[in-house]
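In: Sharing a model prediction with you, sequence too.
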Amino acid sequence: MSFEGGNLVWGFSTAGRIFFGWGAAAVLRDVAREFGIRVFVCTDQNMVKAGVCETVVAHLAEGKGEIKVFDGGQPEVDRQTIEQAAAIAQAYKPDVVVGLGGGSNLDLSKCVALLVKYPGALSAYYGENNVPGPITPVVAVPTTAGTGSEVSPVAVVADPERAMKVGIASRALIPKWAIVDPALTVSCPASVTAHSGMDALAHAIESFCARVRNDCSPHAIFVGKNPMSDVLARKAIPAIAKFLTAAVAQPKDREAREEMALASLLAGMAFSSAGTAAVHALQYPVGEATHTPHGLGNAVLLPTVMRTITPSRIEEMAFIARGLDPTLHSNTDEDAASRAAGLVEILGAKVGIPKGLRALGVKKEQLPQFSQMAFTVRRLLDNSPVPFDENDLLRLLQEAF
């Protein structure tokens, strides 16, 4: 769809500064000078074992930083881990929090930085715009190409009391620095590369196809599809289509790693403005129930949602399809658009994504509960180009099953 000049008002936010490129992690030596010498690093044991944490700490120390490392990060980070890390950080009183690793570690760092500044129950900040003000500065150093958390205003938390993942959304959470060094993704296992890469594709596609909201309220987190998010998504989608399989199959392929890191960053910037929609809303209960990676769940759900919204986004789906299969440039938009969801499934299969929620361990009798839970995630569902009621969500889950 095209935008009519003068009729759309929108806003855009991203990280305070972005550093990108092979070896960009060396910028960490300037963290202490920029933010203060007391540095609290949030990471996990995999980063320690791979030597990535040692590299980052060395850069921080070079800048005369005093460093304390919390290496208890977990996949799909939960509230208990966040509160444990926050208690250690509160005693340490850091000037800056560095998140190192995948999206869960970056979300952990945001939540820790929040609780250092505003101690209390993490649940008090669930939802949109419940963060009282600026948090302790966050420097995000992603080691996967997928989540976009290094530039996003959202932290996702697994809360067992809620039986689903919940989001904390506030522009106060956006990192001050995002340091995207493709060299740090080389140690990423093939499955993580695949899941995170498909997650980046979901971010790009959902933001590209989002509802046009015409909302420039200072409090708006996601403002809907807009010209800036479209530019970013249009760059990310064909890059992921071209380079994801190589990054999975040949982890030391420097070009593939660089292109995927950049595509992930651009998709992260796109969804951090436009927002995500039904795919992510459905993944929240599915991911919490199955304890499967966020990107994997999104990858399984994405084609089903795409098929449903295609009639309202022919131009966008045609672009997506041609990015995945350049031979479709001579086809009509309608024909190309009809193939987009299937082409996403084919790309997923190439990188090991199973077909159907059943493969994730979902049971058919769980689907009604998942649809009820997903229906409560209004901040995402309201971003969809077509409305979904609870029955619609159940139908989507049944089709994806």
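Out: Cool, the structure landed. Numbering: from 1, shown residues only.
In: I'd like to know how far Val286 sits from Thr304.
Out: According to Cβ to Cβ, to the nearest Å, Val286 and Thr304 sit 12 Å apart. C-beta here means a position set from N, CA and C on the backbone, and glycine is covered the same way.
In: and if you look at Arg395?
Out: Distance, Arg395 to Thr304, by Cβ to Cβ: 9 Å.
In: and those two? which has more neighbours close in?
Out: Thr304 (22 against 16; other Cβ atoms under 10 Å).
In: Sticking with the more buried one, tell me its helix or strand.
Out: helix 294-309 (DSSP states H and E).
In: tell me which residues in that helix are buried?
Out: Residues of helix 294-309 classed as buried under the neighbour-count rule (16 or more other Cβ atoms under 10 Å) are 294-309.
In: what packs against that helix?
Out: The contact analysis (3 or more Cβ pairs under 8 Å, 6 or more residues apart in numbering; DSSP states H and E) places helix 294-309 against helix 190-208, helix 278-290, helix 333-350, helix 390-400.
In: Pick the most buried one from those helices.
Out: Burial of the helices and strands packed on helix 294-309 is given as mean neighbour count (mean count of other Cβ atoms under 10 Å); helix 190-208 ranks first at a mean of 28.
In: Ala204 contacts Ala241, doesn't it?
Out: No. Contact criterion Cβ atoms under 8 Å: Ala204 and Ala241 do not qualify, at 10.1 Å.
In: so what's the residue lying closest to Ser191 once chain neighbours are set aside up against?
Out: Leaving out its chain neighbours, the residue that sits closest to Ser191 by Cβ to Cβ, 6 or more residues apart in numbering is Gly352, at 6.6 Å. Contact partners of Gly352, counting by Cβ atoms under 8 Å, 6 or more residues apart in numbering, are 190-191, 194, 248.
In: Can you tell me how far Gln398 is from Arg358?
Out: In terms of Cβ to Cβ, Gln398 sits 11 Å off from Arg358.
In: er, Pro385 I mean
Out: Separation of Pro385 from Arg358 (Cβ to Cβ): 28 Å.
In: just Tyr92 next, same as before
Out: 45 Å.
In: what do you get for His294?
Out: Separation of His294 from Arg358 (Cβ to Cβ) stands at 19 Å.
In: and what of Glu54?
Out: Counting by Cβ to Cβ, the gap from Glu54 to Arg358 is 41 Å.
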